[in-house]
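Q: A structural model of the following input is requested.
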Amino acid sequence: MEPSDDREDAMMPVPTAIQKLAKLLADEARIEEKIRDTKSALSIVQKRVSESLAQNYMAMKEPRIQIPEDLMREEESFERLLLALQDMKNEIAKQIRPVEEQIIQANVDHLRQSFSQESRKLNKCLEEIDDNILACRQYLQDYERIRSGLHGLNERLSQLGAEALQVPDNLPSSDVGEIVRQRIEYLRSQGKV
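A: Here you go, the predicted structure:
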């Protein structure tokens, strides 16, 4: 394979890489089947050769055995075919490996990208929580200002001879964290949280 082929493979889109891998895997399966068939045929040939040798030996009654040349050539051709098929299988495996690695890398890149997106979302959630806490502090300041204003209105009502109105309970603490905790407990007691 030339170096430019490697660069092209490295830039191959994932769907194309998957299609190429599927084709290579199908080719590999076909080669495996051919190798099994060839091995089976070879074992039949070897069995015939062995049987022929045994028959020749028994018929000749000679201590020295000569193997017929045509049987030897047939066995050698099957062995060469088997080696050629094994070479083809190895070549297909060599082609599959880079495609598999490319698909794995594409999956790793996709998972990293998803992780990065989810991390940004998580950080955005924390920013929203922080913004809401800061907004709570502003609401607490507004609460104190309005409550103080209600006390001022009650004083004016009293000065005019009218009965003072009930001012809502004061918050027991000025600590934002403690107030938020108490409000959460209150919401829980109401079944809202």
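Q: need the next SSE after the helix or strand where Asp27 lies, C-terminal direction.
A: Assessed by DSSP states H and E, Asp27 sits inside helix 14-60. Next helix or strand after helix 14-60 toward the C-terminus (DSSP H and E): helix 69-159.
Q: by how many degrees do the helix or strand just after that next one and helix 69-159 diverge?
A: Downstream of helix 69-159, the next assigned helix or strand under DSSP H and E is helix 176-189. Interaxial angle, helix 176-189 versus helix 69-159 (axes from the mean of the first three to the mean of the last three C-alpha atoms, to 10 degrees): 100 degrees.
Q: Flag every buried residue along helix 176-189.
A: Ile179 (16 or more other C-beta atoms under 10 Å). Where you see a C-beta, it was placed from the backbone N, CA and C, and this is true even at glycine.
Q: quick check: mean pLDDT across it?
A: The average pLDDT for helix 176-189 rounds to 89.
Q: Check which helices and strands it is in contact with.
A: Counting contacts by 3 or more C-beta pairs under 8 Å, 6 or more residues apart in numbering; DSSP states H and E, helix 176-189 packs against helix 69-159.
Q: elements contacting the helix it packs on?
A: By 3+ C-beta pairs under 8 Å, 6+ apart, helix 69-159 packs against helix 3-10, helix 14-60, helix 176-189.
Q: Lowest average pLDDT across those?
A: Among the helices and strands packed on helix 69-159, helix 3-10 carries the lowest mean pLDDT, a mean of 46.
Q: Quick check: closest non-adjacent residue to Leu157.
A: Nearest residue to Leu157 in three dimensions, chain neighbours excluded: Ala164, at 5.7 Å (C-beta to C-beta, 6 or more residues apart in numbering).
Q: Could I get the pLDDT score of the one you found?
A: At Ala164, the model reports a pLDDT of 90.
Q: wait, doesn't it sit right on Ser158?
A: Yes: using C-beta atoms under 8 Å, Ala164 is in contact with Ser158, at 5.4 Å.
Q: Fine by me, we can end here.
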